[in-house]
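Student: Fold the following.
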Amino acid sequence: MDGKHLVEKLLAYAEEFLHLKKLDVIYTRNLLLREFKLKEPAEDADVSAVKTLSVPDELVAETERYALENGLCEEGEENLYSTYIMGILSPKPSEVNEEFFRLRKEEGVKAACRYFYDLCIKNNYIQKTAIDKNLKWEYKDGDNILEITINLSKPEKDNKEIAKLLVKKAEKPKYPKCLLCKENEGFEGSLSHPARENIRTVSLNLAGEEWFVQYSPYAYYDEHCIAISKQHVPMNVNAKTVEKLADFVDVFPNYMIGSNASLPIVGGSILNHEHFQGGVHLMPMHKSHIAVEMKSAKYLDVKVGIADWYNSVVRLQSANRAHVVALTGEIVEFWKTYSDEENDIVAKTGDTPHNASSPIVRKIGEEYCIDLILRNNRTSEEYPDGIFHAHPEHHNIKKEGIGLIEAMGLFILPGRLKKQLAMIADILCGREKYDEAALGDSENYLYVHRDMIKKLKASFNGKTYEEAHAAVISYVNETCKNILDNTAVFKKNETGVKGFKKFLAALDIRR
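Tutor: Residues are numbered from 1 along each chain as shown. The predicted structure follows:
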């Protein structure tokens, strides 16, 4: 491969898509020549085709191949090397911040976000081609819709692994302390820690604290961003959290933003560093109607309601920011201590807290709309992974904790399901033999699905693969709906509805 030609293509790409200034081209060329161990540049290289690229995949692949062929990196470290090169070509963090806030001031926040998000795709931090391979579909259930994806790039985590991460004591100093720390910006990475030379962040102030925002490399939805505390402190949802979220939507009124609950099982995969997740995408929960309209005796200008959603959601809306933030904060704090044994809700076991909440804030015109999802992570002998977690019969589809994104109705299912669901469809339509004894072997690849297959085999009347696949997807859809029902602390039955109203009445919120 011609390394000199590759250097010129990388430079042309950076000029076209990564805002490399003409005054910096010679300087950057010499950096690349040194990295590629070349003594001089190419002459009259044709790089016109580079300007037609929508993503950098082709150049990244060439860079990795060149690095391996010329001993610039070890086998298995190609991605670390290409990330480093893309970092060299990307604008410096200070330049990104300056351009973002210039655009926000002169052209508006949407233009600023488009610039920032597009940069993260063009410098390969967000690997769009890989993300586009994820499977996605919608499931309409009455008035509600669930969005279901099978993610092919991120491994699933067990609840126990997540809990260990929260309490783990470091045996030796680690830098950066976690994947979210500000110190990842420019970090070279390793085989166990992704390279981050090409990550860029935008600084902001939330409730008097230093924070920054970056985009998620997994991009589960449109402009999926993460707001992160500059301090490595654990998740702790409280009244001030709501204030921080409101500050965020004042800067990004085009985005929703929410916090995971701050306890294992109900709190997502990273609990040891305070962060929020947001983006331009309107989540399925946001489209739900109000089932029960209510009023606050203390804050008359705040509309309150119980959302017609699977889990237990209080929706608050007002143009009076101070009032809607204050009332939400009061509910957050009161819920931490609230018990209702008739609904299996116990706030604490000894000194161990169980109640937590996920506040999500967005702006609708001039009004602040806050959805507060009530959570509880208590376990029992019957439900060792969580009373209000996905029940055991659903673990073949989703065992990982149900965090913020899924609680709002966007399911991120593990990549293993792509192959497994196709194999199950083969069994249903007769392409493959149904062998109940073989499926009962714990070494069988479909062992975790043995009960699902048995149920589907008993009810399936179709003949074609397409019919079988539709039956499998229908099963997954119902499972996702049932998982969200499992997470509801106040069920939709008479006891649950009565308990929900009783909880709110204790805060002087009534019909």
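Student: drop to CA atoms for contacts and neighbour counts, all remaining ones
Tutor: Noted.
Student: State the number of residues packed around Glu443.
Tutor: Per other CA atoms under 10 Å, the neighbour tally for Glu443 reads 10.
Student: same deal with Lys498?
Tutor: Lys498: 14 neighbours (other CA under 10 Å).
Student: Output whichever helix or strand it is part of as PDB, nothing but the C-alphas.
Tutor: Secondary structure from DSSP states H and E places Lys498 in helix 494-505. Extracted in PDB, the C-alpha atoms of helix 494-505 (Å, rounded to 0.1, in the frame of the first residue of the first chain):
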ATOM      1  CA  GLU A 494     -56.800  -2.000  41.800                       C
ATOM      2  CA  THR A 495     -54.200  -2.200  44.600                       C
ATOM      3  CA  GLY A 496     -51.600  -0.600  42.500                       C
ATOM      4  CA  VAL A 497     -53.700   2.300  41.300                       C
ATOM      5  CA  LYS A 498     -55.000   3.000  44.800                       C
ATOM      6  CA  GLY A 499     -51.400   2.800  46.200                       C
ATOM      7  CA  PHE A 500     -50.100   5.300  43.500                       C
ATOM      8  CA  LYS A 501     -52.800   7.800  44.400                       C
ATOM      9  CA  LYS A 502     -52.200   7.300  48.100                       C
ATOM     10  CA  PHE A 503     -48.500   8.100  47.600                       C
ATOM     11  CA  LEU A 504     -49.200  11.300  45.800                       C
ATOM     12  CA  ALA A 505     -51.900  12.300  48.200                       C
END
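Student: Next secondary structure after that helix?
Tutor: Once the chain leaves helix 494-505, the next helix or strand it forms, by DSSP H and E, is strand 509-510.
Student: Which elements pack onto that next one?
Tutor: Helices and strands touching strand 509-510, by 3 or more CA pairs under 8 Å, 6 or more residues apart in numbering; DSSP states H and E, are strand 290-296.
Student: average pLDDT across the strand it packs on?
Tutor: Averaging pLDDT along strand 290-296 gives 98.
Student: cool, stretch 82-96 as well?
Tutor: Mean predicted lDDT for stretch 82-96 stands at 98.
Student: How far off centre is it?
Tutor: 24 Å (CA atoms, centre = their mean, to the nearest Å).
Student: What residues of that stretch count as buried?
Tutor: For stretch 82-96, the neighbour count (16 or more other CA atoms under 10 Å) marks 82-91, 93, 96 as buried.
Student: Same question for stretch 493-508.
Tutor: So for stretch 493-508, counting by 16+ other CA under 10 Å, buried means 496-497, 499-501, 503-505.
Student: Please apply the same query to stretch 267-286.
Tutor: Under 16+ other CA under 10 Å, the buried positions of stretch 267-286 are 267-280, 283-286.
Student: Give me the subset of these that lies in helices.
Tutor: Among these, DSSP state H puts none in helices.
Student: Please flag which of the residues you listed sit within strands.
Tutor: 275-279 (DSSP state E).
Student: which stretches of the stretch 301-450 of the chain form strands?
Tutor: 303-307, 313-318, 348-349, 352-353, 355-364, 367-376, 410-413 (DSSP state E, counting those that start in this stretch).
Student: Could you do the stretch 151-300 of the chain as well?
Tutor: 202-206, 209-215, 225-229, 256-258, 275-279, 290-296.
Student: Who are the packing partners of the last one?
Tutor: Under the contact criterion of 3+ CA pairs under 8 Å, 6+ apart, strand 290-296 touches strand 303-307, strand 509-510.
Student: hang on, the earlier thing: got the strands of the stretch 301-450 of the chain as TSV, with mean pLDDT columns?
Tutor: Conversion of the strands of the stretch 301-450 of the chain to TSV gives the following (pLDDT from 0 to 100):
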stretch	mean pLDDT
strand 303-307	99
strand 313-318	99
strand 348-349	96
strand 352-353	97
strand 355-364	98
strand 367-376	99
strand 410-413	97
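Student: Quick one: end-to-end distance for stretch 482-499.
Tutor: Terminal residues of stretch 482-499 are spaced 20 Å apart (CA to CA, to the nearest Å).
Student: How is Asp451 classified with respect to secondary structure?
Tutor: helix (DSSP: H, G, I helix; E, B strand; the rest coil).
Student: So what touches the longest helix seen in the chain?
Tutor: In terms of residue count, the longest helix belonging to the chain (DSSP H) is helix 465-487. Helix 465-487 has contacts (CA atoms under 8 Å, 6 or more residues apart in numbering) with 139, 146, 148, 310-311, 375, 387-391, 394, 397, 402, 407, 409, 411, 421-422, 424-426, 428-429, 456, 460, 462, 491.
Student: give the contact list for Leu300.
Tutor: Applying CA under 8 Å, 6+ apart, no residues qualify as near Leu300.
Student: what does Val251 give?
Tutor: Val109.
Student: separation between it and Gly71?
Tutor: Relative to Gly71, and taking CA to CA, Val251 is found at 46 Å.
Student: Same check on His469?
Tutor: From His469 over to Gly71 the distance is 47 Å, taken as CA to CA.
Student: which of those two has more neighbours?
Tutor: Comparing His469 with Gly71 by other CA under 10 Å, the one with more neighbours is His469, at 19 against 10.
Student: And the pLDDT for the more buried one?
Tutor: 98.
Student: Relative to Ile483, how far out is it?
Tutor: 21 Å.
Student: Please apply the same query to Ile424.
Tutor: Where Ile483 is concerned, Ile424 sits at a distance of 21 Å (CA to CA).
Student: Same question for Asp426.
Tutor: For Asp426 relative to Ile483 (CA to CA), the value is 26 Å.
Student: picking that back up, any chance of a markdown table for the strands of the stretch 301-450 of the chain, columns distance to Ile257 and mean neighbour count?
Tutor: Shown next, in a markdown table, are these (distance: least, CA to CA, whole Å; neighbours: other CA atoms under 10 Å):
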| stretch | distance to Ile257 | mean neighbour count |
| --- | --- | --- |
| strand 303-307 | 18 | 23 |
| strand 313-318 | 15 | 24 |
| strand 348-349 | 28 | 12 |
| strand 352-353 | 25 | 12 |
| strand 355-364 | 5 | 25 |
| strand 367-376 | 10 | 25 |
| strand 410-413 | 15 | 23 |
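Student: Count the neighbours of Leu460 for me.
Tutor: Quick fix: residue 460 is Phe, not Leu. Phe460: 14 neighbours (other CA under 10 Å).
Student: contacting residues around it?
Tutor: 428, 468, 471.
Student: Please read off the pLDDT at Gly268 from the model.
Tutor: 78.
Student: what's near enough to touch it?
Tutor: 260-261, 401-404.
Student: pLDDT below threshold where in this protein?
Tutor: Scanning the chain for pLDDT under 70 picks out 154-173.
Student: Try it again at 90.
Tutor: Within the chain, the ranges that satisfy pLDDT under 90 run 1, 44, 153-174, 190-192, 267-269.
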